[in-house]
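Engineer: predicted model, plus sequence, below.
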Amino acid sequence: MGLAVQALTGLVSDMQVISSITAMERQSKGWAARGEKVGLVPTMGALHEGHLALIRRARRECRRVVVSIYVNPTQFGPKEDFSRYPRSRRQDLALCRQAGADVVFAPGNLYLPDHSTFVEEEQVSLGRDGASRPGHFRGVVTVVLKLFNLVRPTRAYFGQKDAQQVDVIRRMVRDLNVPVKLVIVPIVRDRDGVALSSRNRYLSPEERTVAVEFARRLQAAARRKGDPVAWLRRELKRLPGARLDYVELTGDRLCAAVFVGKTRLIDNERVK
Ligand code: PAF
């Protein structure tokens with residue numbers, strides 16, 4: 001299908017919003033019975049161009065596209081931003097429709113009151129974000145597996161910005177033999193270089209300038225010869241307005257996190 005036609009299909013398509021778990025299960029059972037290729041884009045809403053890149057890619061590759069919108073409580077620590085996490089349902093639905101989603105799966109709650117089963121990855125989730133956010137990946141992996149079971153996607157789309165999340169989900173899929181192909185989509189950056197994130201909307205104008213400098217220094221480090229980790233660590237420690245969380249080289253990706261005010265920013269770049 002040509003791009004223009006595809007965009008038009010997205011615009012005119014009658015997107016369905018499903019909030020009940022049983023209705024989602026019924027829908028995915030029907031698709032599976034007909035052997036249709038289903039793409040899932042799991043999100044927590046507050047959608048931006050980074051999410052839209054995932055949805056558009058799924059639209060190009062799959063017969064059915066489901067975007068899940070669910071702010072998953074189990075991946076937030078007690079002192080984290082669960083209650084103030086940005087929620088913009090009307091705008092999210094409009095963006096999903098424009099990007100060509102067939103279904104938005106937006107359950108009110110995915111956990112029964114006596115839910116007591118969690119999935120824990122015990123290697124890749126250690127260190128980096130896992131160290132700063134204890135329990136975070138246990139919540140992510142659990143909800144992602146629940147979504148996979150409910151939607152039964154052929155392909156699932158994740159952004160490279162959450163590098164450790166990608167690694168942990170990849171490991172869970174491998175270890176638990178989950179029949180899904182993961183598609184990892186490159187980071188989308190704003191014009192000033194900052195990696196798109198729903199949490200960027202917490203930043204004040206002054207904090208935004210710190211975020212720009214964080215992205216610049218990370219990219220400069222990834223281009224440097226020598227020891228990019230030591231260089232970036234030094235540069236970020238010196239960056240006014242930022243508090244260094246970590247810098248690490250994982251495979252060929254230089255990964256870093258800083259706190260800017262109360263907001264924690266993560267980013268990564270392939271080393272050249
Ligand atoms: O990346 C996110 O937005 C979330 O961690 C995910 C994968 C939707 C699980 O809640």
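Structural biologist: Yep, it's here. Numbers count the residues shown, from 1 in each chain.

Engineer: could you list the low-pLDDT ranges of the stretch 1-150 of the chain?
Structural biologist: 1-13 (pLDDT under 70).

Engineer: recalculate using a threshold of 50.
Structural biologist: Along the stretch 1-150 of the chain, segments meeting pLDDT under 50 span 1-12.

Engineer: close to the ligand: what parts of this protein are there?
Structural biologist: Listed as neighbours of the ligand in the chain under the rule C-beta under 6 Å from any ligand atom: 42, 43, 44, 72, 75, 140, 143, 144, 162, 165. To be clear about C-beta, it is placed using only N, CA and C from the backbone, and glycine gets the same treatment.

Engineer: what is the nearest of these to residue 127?
Structural biologist: Distance to residue 127, by C-beta to C-beta, is smallest for residue 165 among these, at 13.2 Å.

Engineer: where along the stretch 101-250 of the chain do the strands fall?
Structural biologist: 103-105, 155-159, 181-185, 242-250 (DSSP state E, counting those that start in this stretch).

Engineer: any idea which of these is most buried?
Structural biologist: Across the strands of the stretch 101-250 of the chain, the average number of neighbours (mean count of other C-beta atoms under 10 Å) peaks for strand 103-105, which reaches a mean of 24.

Engineer: how far does it sit from the chain's center?
Structural biologist: Computed by C-alpha atoms, centre = their mean, to the nearest Å, the chain-centroid distance of strand 103-105 equals 16 Å.

Engineer: which strands or helices does it pack on?
Structural biologist: Here strand 103-105 touches strand 16-18, helix 21-33, strand 64-69, helix 89-99, helix 136-151, going by 3 or more C-beta pairs under 8 Å, 6 or more residues apart in numbering; DSSP states H and E.

Engineer: format the strands of the stretch 101-250 of the chain as CSV; extra columns: distance to residue 93.
Structural biologist: As requested, the strands of the stretch 101-250 of the chain are arranged in CSV below (distance: least, C-beta to C-beta, whole Å):
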stretch, distance to residue 93
strand 103-105, 6
strand 155-159, 18
strand 181-185, 21
strand 242-250, 34
